[in-house]
Structures are given as C-alpha cells and as structure tokens.
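Visitor: What would the 3D arrangement of this be:
(one chain, ligands or ions: 1)
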Amino acid sequence: AAKRLQGKTVVITGASSGIGRSCALEFARTQPHDLRLILTARREDALRELAAQIRDEVGDGVKVLPVKLDVSKPDEVRGFVGGLPEEWRDIGVLVNNAGLVKGVAKAPEIAEADIAVMFDTNVTGLINMTQAILPVFKARGTEGGAGDIINIGSIAGREPYAGGSIYCASKAAVRAFTDALRRELVATRIRVMEVDPGQVETEFSVVRFYGDKSKADAVYAGCDPLTPEDIAEVVVFVATRRENVVVADTLVYPSHQA
Ligand code: NDP
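Guide: Model prediction:
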C-alpha cells in the first residue's frame, strides 16, 4: 500500500523543467496533505510559476518553496540547508534529478568545457547535494524512515552509446556512487534508490543536439518516447513504499526501445 508522506519535506533538484517538474506535480497531486516541496534549479521564474500552478491545483495542503540553486556550484550546495527557513530544514526526501547532456560528439572532439559541465552537474553536483542532506537524515536517527535519496540515472549509464561517451560515463558514475552509498548506509533506515529512464521527451532532447530541434525530432521520429510524467510516477512510487522496502534500482524503457 502507498505510504503517505504527511509532514514530510521533499527536495527536488532541476525542478524547473522535464522530469523534475513532473516529479513536483506528481508529489503534490498524489500527496496533497501536509507536504512541503522545495523546488530547486537555476531558473527561478520557472520555479515560481510551478509553485503557483501547484498552489492553484492542490491548495494549501502542499507548501512550496522555490529556491534558486546551481548544483554545480559547491558553495551554493554547501550553504543550501542552512540557508532555508528553519521550518523547511527537516528534509525527508531528496530527488537528485538535475542533469544535462552537451551535444553528441566523438570523445576526441568533446570540448573541455562540455566535459566539465556534465561532470560538475551530473556527478559532483549530485554527490555534493547528497553530502549536504545526509546530516539531516542522520540526525533523525533510525526511528521510522530516516530519509530517502532518489537519484535519476539513465539507461546511458548501463548501455553507453557512440557519441555519448562523457554523458554515459557521468551516468555510470552516478550508478556506482548510488550502489556504494546504499551499501554504506545499510540498516540506517536511509534508503538510497536509483531510477534510470530510457528515452524521455523533454527539453533535454533538444539540448543534446545543441538546440537543433529538427535533429532531435529526427531521432524521435517513429518513436513513442516516455513522458516526464511516466518517470515521475515511478519516483513517487519508490518514495511511498513502506520504510522497509528499498526499490533500489529501476530501469524504465519506452516499449520501442531495446
Ligand atoms: P530537462 O533539460 O528538461 O531538465 C533538466 C533540469 O536540470 C532542469 O530543470 C535544469 O534547470 C536542471 N539543471 C541543469 N543544470 C543544473 C544545475 N547546474 N543546477 C541545478 N539544476 C540544473 O531534462 P530532463 O528532465 O530530461 O532531465 C532530468 C534528468 O533525467 C537528468 O539527470 C537527465 O540526465 C536524466 N535523464 C533524461 C533522459 C531523457 O531522455 N530526457 C533519459 C535518462 C535520464 P535549470 O536550467 O533551471 O537549472
């Protein structure tokens, strides 16, 4: 049976679009009583719009706090929890979703700056966020659910493709980090889980081709990709199992993708 997240505070990184935005809506719609949602990303306007949409749809049961946060900036991440108003610091769920891909290119041609931004965001950003939030979980002790970390990996981390070496390597790193952390935290009631999407149609699809929408459309021609909502449903599912159930690793394909 689905557990209620009443009284919980959920942090989502990269909540301004795509999967992160859908996760925010899915948490709010399915857990509309006494939930706090901290929505983070670099684009504050989009977060504010989303906060207003959630307020309109579900009312006061869900409190929403938009927070501008660049996960690739270690100082911002370090100051994140302490910078929250006191009543927002008791975080129970962290969805590490912020991530990006820069182009499709063979390894020797990938620009140094693109390599850095992918690793700084997808890997170091995710690790730094996790380190920032773990003390909150640990302080809660082993009573009940001490806290959930849900990392968004990718099929790319399991099945690397030509032209995507750095992105795939970054997602393989997420996978290794997630697995090791789950083992380190065994029996602490801190659940560490990963959800790996296959092809999902989001802004990401266009960014991958340096903004060339026709190229992005060509890749998706004849396909029926997942929607961000499909992934959000899985994220909320894993967060709402009873405390003893760890849905450690989930791979979600669209039916055309092998
Ligand atoms: P989008 O581009 O739609 O969303 C990415 C989100 O990440 C945005 O909200 C963006 O917000 C945020 N983000 C990017 N860089 C940073 C940063 N430095 N600090 C904080 N937030 C940041 O893509 P998706 O929704 O598709 O991607 C979400 C996750 O899903 C990523 O980790 C991606 O790798 C993964 N994924 C996506 C797949 C797909 O096919 N779309 C497949 C498999 C995995 P802002 O720009 O406002 O900061």
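Visitor: Sheet-wise, list the partners of the stretch of helix or strand residue 65 belongs to with their directions.
Guide: Taking DSSP states H and E as the criterion, residue 65 maps to strand 62-68. Pairing partners of strand 62-68, with direction, according to DSSP bridges: strand 35-41 (parallel).
Visitor: For burial, what's the neighbour tally of the residue lying closest to residue 124 once chain neighbours are set aside?
Guide: If you skip the residues right next to it in sequence, residue 124 has residue 72 as its closest partner in space, 7.1 Å away by Cβ to Cβ, 6 or more residues apart in numbering. Quick note: C-beta positions are derived from backbone N, CA and C, even for glycine. If you count neighbours by other Cβ atoms under 10 Å, residue 72 ends up with 21.
Visitor: Now residue 72: which helix or strand?
Guide: Of the helices and strands defined by DSSP H and E, none includes residue 72.
Visitor: Which pLDDT value goes with it?
Guide: Model confidence at residue 72, given as pLDDT, is 98.
Visitor: Who are the contact partners of it?
Guide: If a contact means Cβ atoms under 8 Å, 6 or more residues apart in numbering, then residue 72 has 117, 120, 121, 124, 125 as its contacts.
Visitor: For the ligand, state which of those is nearest.
Guide: Nearest to the ligand, judged by Cβ to the nearest ligand atom, of the contacts of residue 72 is residue 121 at 4.4 Å.
Visitor: For my notes, confirm the closest one occurs in a helix.
Guide: Yes - the assignment for residue 121, made by DSSP: H, G, I helix; E, B strand; the rest coil, places it in a helix.
Visitor: Pull the number of nearby residues for the nearest residue to residue 173 once chain neighbours are set aside.
Guide: The spatially closest residue to residue 173, leaving aside those adjacent along the chain, is residue 123, at 4.7 Å (Cβ to Cβ, 6+ apart). For residue 123, the count of nearby residues is 20 (other Cβ under 10 Å).
Visitor: for residue 127, same thing?
Guide: Residues contacting residue 127 under the criterion other Cβ under 10 Å number 19.
Visitor: Distance of the closest residue in space to residue 15 that isn't next to it in sequence relative to the ligand?
Guide: For residue 15, the nearest residue in space outside its immediate sequence neighbours is residue 39; the separation is 3.9 Å by Cβ to Cβ, 6+ apart. Look at residue 39 and the ligand: by Cβ to the nearest ligand atom, to the nearest Å, they are 9 Å apart.
Visitor: where does residue 39 land on pLDDT?
Guide: Each residue has a pLDDT score; the one for residue 39 is 98.
Visitor: and what of residue 75?
Guide: For residue 75, the model assigns a pLDDT of 98.
Visitor: For it, the count of nearby residues, please.
Guide: Under the neighbour criterion other Cβ under 10 Å, residue 75 is assigned a count of 9.
Visitor: Spell out which residues sit in contact with residue 252, please.
Guide: Shown in contact with residue 252 (Cβ under 8 Å, 6+ apart): 195, 196, 197, 198, 226, 230, 231, 234.
Visitor: closest to the ligand among these?
Guide: Nearest to the ligand among these: residue 197, at 3.8 Å, using Cβ to the nearest ligand atom.
Visitor: Surely the closest one is in contact with residue 229?
Guide: No - look at residue 197 against residue 229 with Cβ atoms under 8 Å: they stay out of range, at 11.6 Å.
Visitor: which one of these two has more residues nearby?
Guide: Using other Cβ under 10 Å, the more surrounded residue of residue 197 and residue 229 is residue 197, with 26 against 14.
Visitor: In the sheet, which residues pair with that one? Tell me.
Guide: Here residue 197 sits in beta bridges with residue 252, as judged by DSSP bridges.
Visitor: Would you quantify the distance from residue 65 to the ligand?
Guide: As judged by Cβ to the nearest ligand atom, residue 65 and the ligand stand 15 Å apart.
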